[in-house]
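Asks: sequence and predicted structure are below.
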Amino acid sequence: MAGRIEDYALIGDMQTAALVCRDGTVDWLCLPRFDSHAIFAGLLGTEEHGFWRLGPAFAAGAQPPAATRRGYRGDSLILESEWDTPDGTVRVTDFMPPRDGAPQLIRIVEGVSGRVPMCSELRMRFSYGRIVPWVRKHEGRTVAVAGPDSVWFDTSAETYGKDLTTYADFTVAAGERLSFTISWEPSHKEPPALPEPEQSLEATEEFWREWVEHCTYHGPYREAVIRSLITLKALTYAPTGGIVAAPTTSLPEDVGGVRNWDYRYTWLRDAAITLSSLLRTGYREEARAWREWLLRAVAGDPENLQIMYGIAGERELGEAELDWLPGYEGSVPVRVGNGAAHQLQLDVYGEVTEALHLAHMTGLARNDYASVLQIKLIRYLEDHWQEPDEGIWEVRGPRRHFVHSKVMAWVAVDRTIKLIESGDAEGPLERWKRLRDDIHRDVCEKGYDKERNTFTQSYGSKELDASLLLIPQMGFLPPDDKRVIGTIEAIQRELSTSDGFILRYPTDGDGGDVGLDGLPGDEGAFLACSFWMADDLAMIGRVDEARKLFERLLALRNDLGLLAEEWDPRLQRQVGNFPQAFSHVPLIDTALRLTASGAYAG
């Protein structure tokens, strides 16, 4: 059985990522890309679907022991786990070197004290646990082959096969070091080069040290900000600049339920807000790479902007169910691909335009096509902003006139007007100023409930939506507007959990009923929304309250500083895909906002 979601650590090479549990088990790894088939899919099934455990030996039938302590080595993505045993102490260092050739996962075992019996159990299962590869020896190396894939296993320890699993039983004494490496290569090619674990470790540590040095933020909670930035970097696909929402699929928003989605793609919304955080903390190269990815993905067809693309800009992300996987803690179906790719979500135009505007304002080298794209997006919005859509939360129910979508359409027009006024683009300035006013008036008339003094989820509805918290942050209305304050307070009353975190919107999941989003079941508090609440509280002068909420949110991180998408107040645990960019970005933003507000003065 897989561990709790927060029991996992992330390691990666900016092209794919692995999740390592507290007991030293790698339960998730897709090769060679984030969105490739998994060779370890135990996270979504059982040990029969692939895993790699490396740790102290334990008795048959017993549970493998969890590490006594673990942590990342400094500001890096190098994981160090230590076990104190009756025989001594042992350390396992796990990492994936930034790729220069074949992708590798390297595990180095080091004896700290005594003599500790150890065991490595490697069970590779290709195609998300469905295919047992052909495993054989080749010139002293172990290779597993199935179809187009081959995985090479290298170690100085003696190995043997049993029950379709590769084992190594060994003892490590104080001062001794043994390495274990798997490398992926297309099966029709020559074997990958022999790994050099110690040199790779040194190079990986140097890579992260140099990258972190570029961070310009030196305020309070810098450790949390740096860890979130490292996580965002790990979720960036280096060859193209695309940013995945998370490295996993089908980790449930409702344990045992059906709210299980594939997040291994680039959502324009998530990537745009990630770009914003990177720009404001000094990472201009990542921002530039994402802008270039965007221009390639949208090239030639901006009128048919998708809400998400593949990490290289692919458009077809057809959704399918893997019925041989029992799901994380019985949460089925397990999905790959994402059928929401072709939804109409008008807010995306606003997020993309806001990101391009910020890049322009912070001095990112001009790209003429970026300005052309921005003008084309507004021309599309001019004809379509009055249409209903699926909204920011990708509802699977009927389209509605979501207030947040209209607000972000206003943002798109407003930022483009500013681009034209700066002289860096041409367009019908006066006409679009009237369009901006028309959208603003429409939202205030149709999306606002005067009796309750709050904006609502959609035109004519009574339900609230946490995305309304972005109204003051986007500049649609000033923070001191009574409608803004009323909306913040209404969301606190109606969308807060018992521990004070914020739900996205009401769900009606009791008894299997279908909720407002077209799905049965409930979900946890959406962490991004809770950070947005902290931002808004700071903006309206309730700074102490904002700081306390922010610190409670920081306390939800696991011991390595990582956050999933949501927090389940009933189970008191993290839920949803992990780690989640859409949680770590607002963490950074809130830290910056609170610092600017003087929340930490003195």
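Replies: Yep, it's here. Being a predicted model, the structure only gives us computed values, none of them experimental.
Asks: once you drop chain neighbours, what's closest to Phe207?
Replies: Of all residues not flanking Phe207 in the chain, Pro98 sits nearest, at 5.2 Å (C-beta to C-beta, 6 or more residues apart in numbering). No exception for glycine: its C-beta is placed from N, CA and C like everyone else's.
Asks: got the end-to-end distance for stretch 157-164?
Replies: The first and final residues of stretch 157-164 sit 18 Å from each other (C-alpha to C-alpha, to the nearest Å).
Asks: show residues contacting that stretch.
Replies: Contact with stretch 157-164 is made by 120, 123, 132, 135, 142, 153, 166-168, 170, 178, 180, as judged by C-beta atoms under 8 Å, 6 or more residues apart in numbering.
Asks: now do the buried residues in stretch 427-438.
Replies: Residues 432, 435-436 are the ones in stretch 427-438 that count as buried (16 or more other C-beta atoms under 10 Å).
Asks: adding distance to Gln374, write those out as JSON lines.
Replies: Formatted as JSON lines, the entries for those read as follows, by distance: C-beta to C-beta, whole Å:
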{"residue": "Trp432", "distance to Gln374": "12"}
{"residue": "Leu435", "distance to Gln374": "14"}
{"residue": "Arg436", "distance to Gln374": "14"}
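Asks: sorry, back to before: need phi/psi at the residue nearest to Phe207.
Replies: Backbone dihedrals for Pro98, given as degrees, to the nearest 10, come out at phi -50, psi 130.
Asks: could you check how many residues crowd around it?
Replies: A count of neighbours around Pro98, defined by other C-beta atoms under 10 Å, yields 18.
Asks: then His360?
Replies: When neighbours are counted by other C-beta under 10 Å, His360 registers 21.
Asks: that one in helix, strand or coil?
Replies: Here His360 is helix, with the state taken from DSSP: H, G, I helix; E, B strand; the rest coil.
Asks: separation between it and Ala596?
Replies: Taking C-beta to C-beta, to the nearest Å as the measure, His360 and Ala596 are separated by 21 Å.
Asks: one step back: out of the buried residues of stretch 427-438, which are inside strands?
Replies: If you go by DSSP state E, the buried residues of stretch 427-438 have nothing in strands.
Asks: in this structure, which strand is the longest?
Replies: Of all the elements of type strand in the chain, the one with the most residues (DSSP E) is strand 104-123.
Asks: centre of the chain versus that strand, how much separation?
Replies: On the basis of C-alpha atoms, centre = their mean, to the nearest Å, the separation between the geometric centre of strand 104-123 and that of its chain is 29 Å.
Asks: list the buried residues of it.
Replies: Counting neighbours by 16+ other C-beta under 10 Å, the buried set in strand 104-123 is 104-112, 114, 116, 118-123.
Asks: quick one: the nearest residue to Leu122 once chain neighbours are set aside and Val20, what's the gap?
Replies: Nearest non-adjacent residue to Leu122, counting by C-beta to C-beta, 6+ apart: Thr166, 4.4 Å away. Separation of Thr166 from Val20 (C-beta to C-beta): 18 Å.
Asks: measure how buried the closest residue to Thr281 other than its chain neighbours is and give me the count.
Replies: Closest residue to Thr281 apart from its sequence neighbours, by C-beta to C-beta, 6+ apart: Tyr217 at 4.8 Å. Close neighbours of Tyr217, defined as other C-beta under 10 Å, add up to 18.
Asks: make 24 the first number, not 1, from now on.
Replies: Sounds good: first residue 24 from here, last item Tyr240.
Asks: tell me who's in contact with Tyr240.
Replies: By C-beta under 8 Å, 6+ apart, the contact list for Tyr240 reads 248, 303-305, 611, 614-615.
Asks: redo that, cut-off 10 Å
Replies: Taking C-beta atoms under 10 Å, 6 or more residues apart in numbering as the contact definition, Tyr240 lies against 248-249, 252, 300, 303-305, 611, 614-615, 618.
Asks: repeat for Tyr403
Replies: By C-beta under 10 Å, 6+ apart, the contact list for Tyr403 reads 325-328, 369, 372, 435.
Asks: Val132 too?
Replies: Applying C-beta under 10 Å, 6+ apart, the residues contacting Val132 are 47, 77-78, 113-116, 139, 141, 143, 178, 180, 191, 193, 195, 199-203.
Asks: can you tell me which of the residues you listed are buried?
Replies: Buried by 16+ other C-beta under 10 Å: 47, 77-78, 113-116, 139, 141, 143, 178, 191, 193, 195, 201-203, out of the contacts of Val132.
Asks: for stretch 442-458, give the mean pLDDT please.
Replies: Model confidence over stretch 442-458, given as mean pLDDT, is 94.
Asks: actually stretch 114-130, sorry about that
Replies: When pLDDT is averaged over stretch 114-130, the result is 96.
Asks: report the backbone C-alpha coordinates of that stretch in CSV.
Replies: Listed in CSV are the C-alpha atoms of stretch 114-130, where the atom choice follows Å, rounded to 0.1, in the frame of the first residue of the first chain:
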residue,chain,number,x,y,z
ARG,A,114,22.1,7.1,5.0
VAL,A,115,20.6,6.8,1.5
THR,A,116,21.0,9.8,-0.9
ASP,A,117,18.5,10.0,-3.8
PHE,A,118,18.7,12.3,-6.7
MET,A,119,18.3,12.7,-10.5
PRO,A,120,21.2,14.7,-12.1
PRO,A,121,20.1,17.4,-14.5
ARG,A,122,20.1,15.5,-17.8
ASP,A,123,23.1,15.3,-20.1
GLY,A,124,22.3,12.1,-21.9
ALA,A,125,20.2,9.3,-20.5
PRO,A,126,17.8,10.1,-17.6
GLN,A,127,19.1,8.6,-14.4
LEU,A,128,17.9,8.0,-10.9
ILE,A,129,20.9,7.5,-8.6
ARG,A,130,20.8,6.1,-5.0
